[in-house]
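Engineer: The sequence isn't on hand, but the structure is:
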């Protein structure tokens, strides 16, 4: 373990204290329990660093020790979301060997799972579950969504939580304080999705002690994601359809896949397909598939499920069979064990303060249309992850971020960037927004992988470990050739 950390704690009263790891980690999900040997603790910080004597909150961290003690600098793991927590990743990543030769510190960022306070929105989770039988892009569904966020906002405000301070600026300061408070001289930083935005903000605002950085599925601070978000699905759709066309069996089965997809999105936007099916317990359930729901299902299939099945699902629904798409939509619902676990309070404040409140709905729609000109406005008015930020953010009422939050990160620190060509959440083209300011960066693209490379790819994990062993050497990316897939054709 490193000690005598360089740099100073940026906030008076900041301290880190070890504490027993929560048992279970998540009730009802034994697979997520902390592995043997993992230690846990809490970092106490001001909720608002402009008022260091005000309310104090706690950030949770869990530390997986190196399997082989080599003295290598630790790796800190910054989860995505925003609103996800490192605790969700500990068991799976330790099982994959991420801590083979160095300690790995997983952080539950402010407002997330084991942080105190957790800022959940079970009202929103339940809304998503209860409206699977309604068209997603309908104005009436948006009204229900807004009411769910209002109920959550009212409940959290009643606990004297100041939502304005659950943002990337404070988050980055927490991570910087954690390094010093844990007595770590130098560490490496891994960020995935929103975690890359946090990591780049950390490198920009608190560069002390950062040896190297791995960015997985990049969401840069300089990019207003609300304006450009649809560029990610647009490039993902294009890459998936092109990959299908390059495989003779897929091309023969679905010769007009791209056109069929766009035509079906437009048709379902006008006349949704209502599918009668069963949920995981065998109970009857109705699933409403409008144009947005189809796009949403394909986006999430590439990220969370089976991208090899996407051409078949699109081909089926183009012919009127929505069972495959309905199954994806049902699998996206929140099981009872996870309702109220996501740190929605952090997530919405970040999206509102740092993106939606810095643009307009008209600007965002115009940009979305430039990426997907043949998609209906009703579809593109929603954010690709089912967000309705231009109605949700006025309810959330957290104002605008300081312009410094979107400043570029300029650094000579070695950076490895991993990106999947199928990524429908963070567009591969966003990588180009950061590399000019990171002269010691290198990029490895996975041609048939979606969002979040390292957790789903042994090649990605191998590249991470190779890079951390010698950050100034170019990694051997030849293993990406083994990450190809064969599309299903029925």
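Structural biologist: Good, I have the coordinates. All figures in this text were calculated on a predicted structure; none of them were measured in a lab.
Engineer: where along the stretch 351-490 of the chain do the helices fall?
Structural biologist: 361-371, 377-380, 389-396, 458-469 (DSSP state H, counting those that start in this stretch).
Engineer: list the buried ones in the third one?
Structural biologist: Burial within helix 389-396, assessed by neighbour count using 16 or more other CB atoms under 10 Å, is assigned to 389-393, 395-396. The way it works is simple: take the backbone N, C-alpha and C, and place the C-beta from them, glycine included.
Engineer: which among those residues gets closest to residue 181?
Structural biologist: Nearest to residue 181 among these, counting by CB to CB, is residue 396 at 30.6 Å.
Engineer: low pLDDT regions in the chain?
Structural biologist: Applying pLDDT under 70 to the chain flags the ranges 1-12.
Engineer: Farthest out from the centre of it, which residue is that? Tell me.
Structural biologist: Residue farthest from the centre of the chain, counting by CA atoms, centre = their mean, is residue 252 at 34.8 Å.
Engineer: So that residue belongs to a strand, correct?
Structural biologist: No: assignment of residue 252 by DSSP: H, G, I helix; E, B strand; the rest coil gives helix, placing it outside any strand.
Engineer: Leaving out sequence neighbours, find the closest residue to it.
Structural biologist: residue 489 (7.9 Å; CB to CB, 6 or more residues apart in numbering).
Engineer: just residue 86 next, same as before
Structural biologist: Nearest to residue 86 is residue 106, by CB to CB, 6+ apart, at 3.1 Å.
Engineer: Report the contact partners of that neighbour.
Structural biologist: 61-64, 77, 79, 86-87, 89-90, 93 (CB atoms under 8 Å, 6 or more residues apart in numbering).
Engineer: In three-state terms, how would it be classified?
Structural biologist: Residue 106 ends up strand, using three-state DSSP.
Engineer: Renumber starting at 144 from here on
Structural biologist: I'll keep to 144 as the first residue from here, and by that count the last item is residue 249.
Engineer: For burial, what's the neighbour tally of residue 199?
Structural biologist: Using other CB atoms under 10 Å, residue 199 is surrounded by 14 other residues.
Engineer: and residue 473, which of the helices of the stretch 494-633 of the chain is closest to it?
Structural biologist: Per CB to CB, nearest to residue 473 of the helices of the stretch 494-633 of the chain: helix 520-523, 20.5 Å.
Engineer: which outside residues touch the closest one?
Structural biologist: Contacts of helix 520-523 (CB under 8 Å, 6+ apart): 280, 373, 408, 412, 434-435, 438, 508, 511-512, 515.
Engineer: In ChimeraX, how would I select the buried members of those?
Structural biologist: Here is the ChimeraX command that selects the buried residues among the contacts of helix 520-523 (16+ other CB under 10 Å):
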select :280,373,408,412,434,435,438,508,511,515
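Engineer: Out of the contacts of helix 520-523, the closest to residue 192 would be?
Structural biologist: residue 373 (34.8 Å).
Engineer: For that closest one, give me its contacts.
Structural biologist: By CB under 8 Å, 6+ apart, residue 373 lies in contact with 510-511, 514-515, 523, 527.
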